[in-house]
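>>> let me see the structure of the following:
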Amino acid sequence: MTPLAWLLAVPLWADVLVLKNGNEMEGLVVSTNAQEIVLDMGFGTTALPRRSVAKIRRSSPEDAERIHREHRKKFFDSGRWVPKSCEDVFARYTETGRAREAGTDAKKRRDSLTEEEARLSADLGGLEGQARYDAWKRLQEISTLLPAAEREMQAYFSKFKALESALPETPKGTEEEKEFHARLTEAVAEMSKEFNQDTIVSRKSGSHLVVQAVLDGRVPCTLMVDTGASLTTISPAIAAKLTPVPGSESDGLTSLADGRRVKVKVFRVSTLEVGRSKEELVPVAVLPSPGNGVDGLLGMSFLEHFAVQVDAQSGQLMLNRLR
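Presented below is the predicted three-dimensional model:
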């Protein structure tokens, strides 16, 4: 008998065994006789001598259903309940679980690094000599560490979306298979709560999407989404309205979508917001406007912090990130 069939075969009420020594044990009674009581505790069964039990206290239907759900979840999470036809999707679920652990750890690293980056950036303007150099050097180190953490977070989202798409809309098969898919669907729904999934209002301009953005919390601008641009770019007119983060101004190179690399003035803005998605200390390059009604390009210096989905047909930009 499979674990699920075993669970469904026992009564749907939960039981509390009151032992003669005063202790209590909660679970589902599988069987009783004059010699012993067998209790399913969700992670296995235990047999207690009948003489050690003072009484059996029946719980309410609500408590019974709660325990039944907990037991079912334990079998699911342990991998002891996987119908043969569901092994492939469960393997994908297990793989997503590993990515989840890595992504969660990466987010902790990222949060710690970004806090340090913000503090050092705020202090940099008031530092001199060796202290300023050390702070600048650490900022460079942080800039090389952050992308790896972001990639691990985004890898979790990619695994999650692949798992989500693998779930059947209407599960078919035996009652056991339907019950398994229901539990898997619940688990995937819980994972989905861990992400901010932001669908941005946009318009199409040729083959590109154009979105509204806000710089430094106060300067609105219109940016063309360009995943081929290494830096987000803004026009000189927009740049004149901004206050660069102290110590962040420099000359640099940026890659354009046509493959050209051009010299640009680069500085960091305190914040860049698109829809509900916001990133701090974003490098931007000052370049002429790429077209009428557009103030610049939304490039990878912002987009790299998100798992990006572009639906060219519907004209939607989706920015996804682990909370």
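
>>> mind jotting down where the strands sit in the stretch 151-300 of the chain?
According to DSSP state E, counting those that start in this stretch, the stretch 151-300 of the chain carries its strands in the segments 195-200, 202-205, 208-215, 219-225, 232-234, 250-255, 261-274, 277-286, 296-298.

>>> take these and write them to JSON lines, including distance to Val82 and mean pLDDT.
For glycine as for every other residue, the C-beta is placed from the backbone atoms N, C-alpha and C. What follows is those, written out as JSON lines (distance: least, C-beta to C-beta, whole Å; pLDDT from 0 to 100):
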{"stretch": "strand 195-200", "distance to Val82": "26", "mean pLDDT": "94"}
{"stretch": "strand 202-205", "distance to Val82": "42", "mean pLDDT": "87"}
{"stretch": "strand 208-215", "distance to Val82": "42", "mean pLDDT": "95"}
{"stretch": "strand 219-225", "distance to Val82": "41", "mean pLDDT": "97"}
{"stretch": "strand 232-234", "distance to Val82": "46", "mean pLDDT": "96"}
{"stretch": "strand 250-255", "distance to Val82": "47", "mean pLDDT": "80"}
{"stretch": "strand 261-274", "distance to Val82": "41", "mean pLDDT": "92"}
{"stretch": "strand 277-286", "distance to Val82": "37", "mean pLDDT": "95"}
{"stretch": "strand 296-298", "distance to Val82": "43", "mean pLDDT": "96"}
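
>>> only the buried residues of stretch 312-321, if you could.
By neighbour count on 16 or more other C-beta atoms under 10 Å, the buried set for stretch 312-321 is 317-321.

>>> and those, which is closest to Thr32?
Nearest to Thr32, judged by C-beta to C-beta, of those is Asn320 at 52.2 Å.

>>> out of the strands of the stretch 151-300 of the chain, which gets nearest to Arg98?
Here strand 195-200 is closest among the strands of the stretch 151-300 of the chain (C-beta to C-beta), at 17.0 Å.

>>> sheet partners, orientation included, of that closest one?
strand 316-322 (antiparallel) (DSSP bridges).

>>> could you break the chain into its assigned domains?
3-78, 84-193, 199-322 (automatic domain parsing).

>>> okay, those, which one's buried deepest?
domain 199-322 (a mean of 17; mean count of other C-beta atoms under 10 Å).

>>> hey, least reliable of the domains of the chain by pLDDT?
Mean pLDDT values for those show the minimum at domain 3-78, a mean of 75.
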